[in-house]
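Below are the sequence and a predicted model; questions follow.
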Amino acid sequence: MASILALGLLGMTVSKVLVSYFPQVPEIIFLTTLALILAQFPSVQQLYGKHTLGFFFILIFLAVIGTLCDFRALSGVGSLAGTLILFVGLLVLIHGLVIFGVGALFKMDWDVIAVASQANVGGNTTAIAAAESLNRPDLLIPGVLVGSLGNALGTYVGFAVAGFL
């Protein structure tokens, strides 16, 4: 576990150093890129305890996010709050109609569709909860991988779009 934690701290340190040389690039881009590169090495893939430690930090992450939810801040944006809720609700509705519609068209397993949908909407952390709630341990790793791929691609695409705009 010390190796895994040291590798994480080293990644954060290298990212901070790289930002000092390239301040126009956000630190999360360097950190994501470094994590994706390191994950390709067999020595990193064979580290013991990575799943346990990763799951523990996912739970910590969810707890922190849950405690930081401030509905008063949402009401503080006035009429934009209703527009934001409507926009997000519409996005999730369209997403659900498309993914479950295509899944029904191809006669896919409903559990697979549900975990894929949750990985898309909520990311890899909530895909774990979806797979667990459906009692499908075989969907844990695929849900995490798809959610992680979405997070990684979304980081790059999001910053590219923001830079373009």
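Received, thanks.

Find the residue at the geometric middle of this protein.
Gly123 (3.8 Å; C-alpha atoms, centre = their mean).

tell me the contacts of that residue?
By C-beta atoms under 8 Å, 6 or more residues apart in numbering, Gly123 lies in contact with 147, 150-151. To be clear about C-beta, it is placed using only N, CA and C from the backbone, and glycine gets the same treatment.

Dump those to CSV, plus secondary structure and neighbour count.
Output for those, formatted as CSV (DSSP: H, G, I helix; E, B strand; the rest coil; neighbours: other C-beta atoms under 10 Å):
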residue, secondary structure, neighbour count
Gly147, helix, 24
Gly150, helix, 18
Asn151, helix, 14
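
Quick check: of these, which lies closest to Val98?
Gly150 (15.2 Å; C-beta to C-beta).

Would you agree the closest one is in contact with Asn120?
Yes: contact criterion C-beta atoms under 8 Å: Gly150 and Asn120 qualify, at 6.3 Å.

Name the SS class of Leu47, please.
coil (DSSP: H, G, I helix; E, B strand; the rest coil).

and Ala152, how many neighbours?
Neighbourhood size, Ala152 [other C-beta atoms under 10 Å]: 14.

Counting by contacts, list what the helix or strand where it lies packs against.
Assigned by DSSP states H and E, Ala152 belongs to helix 140-164. If you count contacts as 3 or more C-beta pairs under 8 Å, 6 or more residues apart in numbering; DSSP states H and E, helix 140-164 packs onto helix 27-38, helix 110-122, helix 124-133.
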